[in-house]
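In: Everything below, folded, please.
(2 chains)
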Amino acid sequence: MKGGVRRFGAADRRLLPEGRLAGPMPWVIAIMMFLTVLAAAAGLGLGSAAGNLTESMGTRLTVQVMEANPDRREAEAARVLAALERQPAVARVHRLTQGEMQKLLEPWLGGGALEADLPIPAMIDVDVAEGTGDRMDGLRSAVAAASPSARVDSNATWLAPLGRLIGALRWLSGALVLLMIGATAATVVLAARAALDTHRSTIEVLHLMGATDLQVARLFQRRIALDALFGGVVGLAAATLVLLLLGSRAAALGSDLLGSVGLPPLAWAFLIALPILGVGLAMLVARSTILRALGRML
Amino acid sequence: MRAGAAHAIEAEARVGAGAEAGLASDGTIVQFDNVGLRYGTGAETLSDLSFSLQEGGFYFLTGPSGAGKTSLLRLLYLAQRPSRGLIRLFGEDIVTMPRRRLPGFRRRIGVVFQDFRLVPHLSAFDNVALPLRVAGVAERDLENPVKEMLAWVGLGHRATARPATLSGGEQQRVAIARAVIARPELLVADEPTGNVDPDMAKRLLHLFDSLNKLGTTIVVATHDLHLISSIGRFQMLQLDRGELLDPTGALRHPPRRAET
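Out: You can find the predicted model right below:
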């Protein structure tokens, strides 16, 4: 009878009564997990959107040749195109066709905008090679030399505030995830303490029969882990439904910006792993709470 | 002369076995030295207790209500540390012993609590099996001993019953079966026959006696003088207002086993 520390076997798991260990804890964890998954999904989705925007638009310039005289405008546009093509920083140059201009202006000026005698500037899209930020001044000088009326707009300039907003929202969602983790840990601490109080007499008996703190802690951490798993799965399922619903609504809007807020497969894998991480967290917190409380007993 | 030599060899063998089990070389299993116990800031519940219990002894602890019997037993079964003094158990100082070492010592002690302390949601079988499971005994190895022990205390037919459905006497018998199932080296019982009829009390005491003959040291707190008289050889520990009555000093300095 002088055996060392051993795990309790399957039969000994009955040492704690059947059923939930600490009242509403699984449901509180379900709510926490629901909010955590939504916050994490928001952060991951925004991250993906920010990446897409930067990739597709962050390196694009728009050159407008704003000469009022159509003949001179055409001549300056041709000079600008030629000057841009000579620039090493430029990856691609594309002058918007009549049809593209028509499509662009139609929402504001109606279908006959180009037929009317309006001085519409010539528009040139320029894709700049990545990592060529220091050569932009040279590019602007070349455009100015080719056409004094030309204006160079960098998409990065108007994308920057949007990028900063997305960045702030990502930080916020990260902070929310951390807060949820903290709240979940606090819930587990309270549940573990409540469970210890409820089963104090059984623990005392086990102690007096020679059960070690680890043996007792394992009983509780296993039960709390099961409760946490239940709550985690329920929370994840509810959050997944909400995300799928929001995704279908966003897709129906047909917005490029909203459409880019999607979850890549790796993000889904992370979200699905959250309940498992929650169970691990609950087990660790329960174990340390219980061992600390048992340490105060003789 | 030959008998004397045999006696000396036997005594030496006992001392050797005792040393191996962690006992003092004179066969002392429990030693109290000027032990005092105080709960909170109140007066001392136990004062200046000094005595030794010998391995294989049978001790009755008596005294009026409030004399400190249960407190003394709590010190013996390591539910409490004293406020002062020295306690050696199985040859080791348990007052300053780190608590991580206590479980190993507790597994060598069987306890019958006055209020039984059965685990309410476990069956009689599972309650009795508890010390074996705590010690890591495999399920296949504990079934027969537990069933036999339940049969011995007359509860073979109530193995699946939960404590709430058992009478006070039945609960007490389950508590006793649980205390002795692991063949402890020291058995501490607080009023173990208080709720059973005289016949069952004798039967249970016979169980204690059998265990004692197998080497277990028994300490029984009781008011029942009739019970005491049914045991042939025993020693009395008499408490009065937290102090041990030991007019001859025999409890403090018990004769060596070889001398007796």
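In: hey, where'd the strands end up in the stretch 101-250 of chain B?
Out: B:109-112, B:186-190, B:217-221, B:235-240, B:243-245 (DSSP state E, counting those that start in this stretch).
In: The last one packs against which elements?
Out: Same thing as strand B:243-245. strand B:44-54, strand B:235-240 (3 or more Cβ pairs under 8 Å, 6 or more residues apart in numbering or on different chains; DSSP states H and E). The C-beta positions use only the backbone N, C-alpha and C, and glycine is treated the same way.
In: what are the pairing partners of the longest one, and which direction each?
Out: So the one you mean is strand B:44-54. Strand B:44-54 has the following strand partners under DSSP bridges: strand B:28-38 (antiparallel).
In: Just the buried residues of the partner strand, please?
Out: Neighbour counts using 16 or more other Cβ atoms under 10 Å in any protein chain shown place B:28-33, B:35, B:37-38 of strand B:28-38 among the buried residues.
In: now stretch B:243-250
Out: For stretch B:243-250, by 16+ other Cβ under 10 Å, it's B:243-244, B:246.
In: between the residues you listed, which is closest to A:Ala273?
Out: Proximity of the buried residues of stretch B:243-250 to A:Ala273, judged by Cβ to Cβ, is greatest for B:Leu244, which lies at 63.8 Å.
In: What residues does the closest one make contact with?
Out: When contacts are counted by Cβ atoms under 8 Å, 6 or more residues apart in numbering or on different chains, B:Leu244 touches B:49-51, B:237-238, B:251.
In: before we move on, back to that, dump the strands of the stretch 101-250 of chain B to JSON lines, plus mean pLDDT.
Out: Output for the strands of the stretch 101-250 of chain B, formatted as JSON lines (pLDDT from 0 to 100):
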{"stretch": "strand B:109-112", "mean pLDDT": "94"}
{"stretch": "strand B:186-190", "mean pLDDT": "94"}
{"stretch": "strand B:217-221", "mean pLDDT": "94"}
{"stretch": "strand B:235-240", "mean pLDDT": "90"}
{"stretch": "strand B:243-245", "mean pLDDT": "89"}
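In: Of the ones you listed, which is nearest A:Met32?
Out: Counting by Cβ to Cβ, A:Met32 lies closest to strand B:109-112 out of the strands of the stretch 101-250 of chain B; the figure is 42.4 Å.
In: Helices of chain A, start to end?
Out: Using DSSP state H, the helices of chain A run over A:25-57, A:70-86, A:98-109, A:136-146, A:155-198, A:200-208, A:213-253, A:256-259, A:265-295.
In: my bad, should have said chain B
Out: Remark: helices assigned in chain B by DSSP H are B:2-20, B:69-76, B:102-106, B:124-134, B:139-152, B:168-180, B:198-213, B:225-229.
In: who in the stretch 101-250 of chain B is up against chain A?
Out: Those residues of the stretch 101-250 of chain B that sit near chain A, judged by Cβ under 8 Å from any Cβ of the partner chain, are B:102-108, B:111, B:117, B:119, B:121-122, B:126, B:129-131, B:133-136, B:138-139, B:182-184.
In: can you do 7 Å?
Out: With Cβ under 7 Å from any Cβ of the partner chain as the criterion, the stretch 101-250 of chain B comes near chain A at residues B:103-104, B:106-108, B:111, B:117, B:119, B:121-122, B:126, B:130-131, B:133-136, B:139, B:182.
In: on that earlier part again, most widely separated two among the contacts of B:Leu244?
Out: Within those, two members stand farthest from each other by Cβ to Cβ: B:Ser50 and B:Gln238, at 14.0 Å.
In: ok, residue 102 - how many residues close by?
Out: As the question left the chain open, I've gone with chain A. When neighbours are counted by other Cβ atoms under 10 Å in any protein chain shown, A:Gln102 registers 17.
In: actually it's chain B I care about, not the one you picked
Out: Neighbours around B:Leu102, by other Cβ under 10 Å: 19.
In: Now for it: which residues touch it?
Out: By Cβ atoms under 7 Å, 6 or more residues apart in numbering or on different chains, the contact set of B:Leu102 is B:Leu78.
In: try it again with 8 Å
Out: A:298, B:78, B:94.
In: repeat for A:Leu236
Out: A:33-34, A:37, A:271-272, A:274-275.
In: again, 7 Å this time
Out: Contact analysis of A:Leu236 by Cβ under 7 Å, 6+ apart lists A:33, A:37, A:272, A:274-275.
In: Kindly reformat those residues as JSON lines and extend each row with distance to A:Val63 and neighbour count.
Out: Converted to JSON lines, those look like this (distance: Cβ to Cβ, whole Å; neighbours: other Cβ atoms under 10 Å in any protein chain shown):
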{"residue": "A:Met33", "distance to A:Val63": "51", "neighbour count": "26"}
{"residue": "A:Val37", "distance to A:Val63": "45", "neighbour count": "27"}
{"residue": "A:Ile272", "distance to A:Val63": "47", "neighbour count": "12"}
{"residue": "A:Leu274", "distance to A:Val63": "47", "neighbour count": "21"}
{"residue": "A:Pro275", "distance to A:Val63": "52", "neighbour count": "24"}
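In: what's the farthest-apart pair in those?
Out: Spanning the widest gap among the contacts of A:Leu236 are A:Met33 and A:Ile272, at 11.5 Å by Cβ to Cβ.
In: still on that earlier bit, go through the buried residues of stretch B:243-250 and say which is closest to chain A.
Out: B:Leu244 (23.1 Å; Cβ to the nearest Cβ).
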